[in-house]
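# coords please:
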Amino acid sequence: MNLRYALLGALLFLAGASYIFFFRGEVSITNYPSTGTDIIAFGDSLVEGVGATEGNDFVSLIAQEIGHPIINLGRSSDTTALGLERIGELEKYNPKVVIVLLGGNDYLRRVPEAQTFENLSKIISYIHGRGAVVLLLGIRGGLFRDHFDEEFEKLRDTHHTAFVSNVLEGLLGDSKYMSDEIHPNNAGYAQIAERVLPVLKELLE
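Below you'll find the model as predicted:
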C-alpha cells in the first residue's frame, strides 16, 4: 500500500514538473537573449533612490551584486506620460535589459488607469524596438484595493516581459522600511533589490 502511494506521488510530481516545464517552454521573453551591452533602470523616484543614502538605492545594490554597472535613468516625480516623453534617452546607449518602474505618480495624481497603462505599453514597445529585454516592476494602485496588479500582468502577457509584481509589498506603512509615506529607506530598498535580483540574473545568463 505504501509503495502504491509512493508511486502515485512520484507520478503526480513528474506530471506537475512536466506541466511547469512545457508551460514555461511556451512562454518566451521578447528579445531574450539580447545582444545589447547596457543594463538600464528607467523610472521615477523609486529608481532614482529617493529616501536612500548614497549607494543604498535598489539599483546600486543590484549593480554591486552582479558586478556590472547599471545606468540609472530614474527621475523624481515622473509619471508614465513624462517617462514616455523622455524615453528617447535610451538612444545614447546599447540596452541589453531595461528595468522599468513607473505608475506610482500616476496613481497619486489620479491619472486615468487606461492612460497609465497605454503609456507603459508604448514605453515597453519602444524599448523592445531597441532590441532590449524589459524587466517590468509592478506597484500598487490603491491603498486598500490594488487596481494595478491585473493591468501589469496584462502588460507582461501582451509584451512578453520579465516581471516582478508589487515591489513595495509589505513595505508601505512600515517605518522599518520607509523613509516617508511613499519612499523606502535603505532597508526598504534592500528588500526591493532582493526581489528584483534573481529575475535580472536569469536575464543576464
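# excluding chain neighbours, what is closest to the residue most central in space within the chain?
With distances taken as CA atoms, centre = their mean, Leu137 lies nearest the centre of the chain, 2.1 Å away. Of all residues not flanking Leu137 in the chain, Leu101 sits nearest, at 4.2 Å (CB to CB, 6 or more residues apart in numbering). To be clear about C-beta, it is placed using only N, CA and C from the backbone, and glycine gets the same treatment.
# is the one you found bridged to anything, and to what?
Beta-bridge partners for Leu101, by DSSP bridges, are Gly43.
# what ranges do the strands span in this protein?
38-43, 70-74, 95-101, 133-137, 162-164 (DSSP state E).
# ok, which of those comes nearest Gly49?
Of all these, strand 70-74 sits nearest to Gly49, with 6.8 Å by CB to CB.
# mind listing what the closest one pairs with, with the direction of each?
By DSSP bridges, strand 70-74 pairs with strand 38-43 (parallel).
# now what about the strand it pairs with, what contacts it?
47, 59, 63, 66, 68-75, 78, 83, 87, 89-90, 93-102, 123, 127, 132, 137, 200, 204 (CB atoms under 8 Å, 6 or more residues apart in numbering).
# quick one on the thing from earlier: so how far is Ser34 from the residue nearest to Leu137?
19 Å (CB to CB, to the nearest Å).
# and those two? Which one has more around it.
Leu101 (26 against 22; other CB atoms under 10 Å).
# what number of residues lie near Ser175?
Neighbours around Ser175, by other CB under 10 Å: 8.
# what of Ala41?
28.
# count of neighbours near Asn185?
Neighbour tally, Asn185, other CB under 10 Å: 18.
# how does the protein divide into domains?
1-29, 31-204 (automatic domain parsing).
# need the helices for the protein, in chain order.
2-26, 45-48, 58-66, 80-85, 104-108, 113-129, 149-159, 186-204 (DSSP state H).
# could the ones you listed go into TSV alongside distance to Met178?
Shown next, in TSV, are the helices of the chain (distance: least, CB to CB, whole Å):
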stretch	distance to Met178
helix 2-26	35
helix 45-48	12
helix 58-66	14
helix 80-85	23
helix 104-108	13
helix 113-129	23
helix 149-159	20
helix 186-204	6
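# no further queries at this time; thank you.
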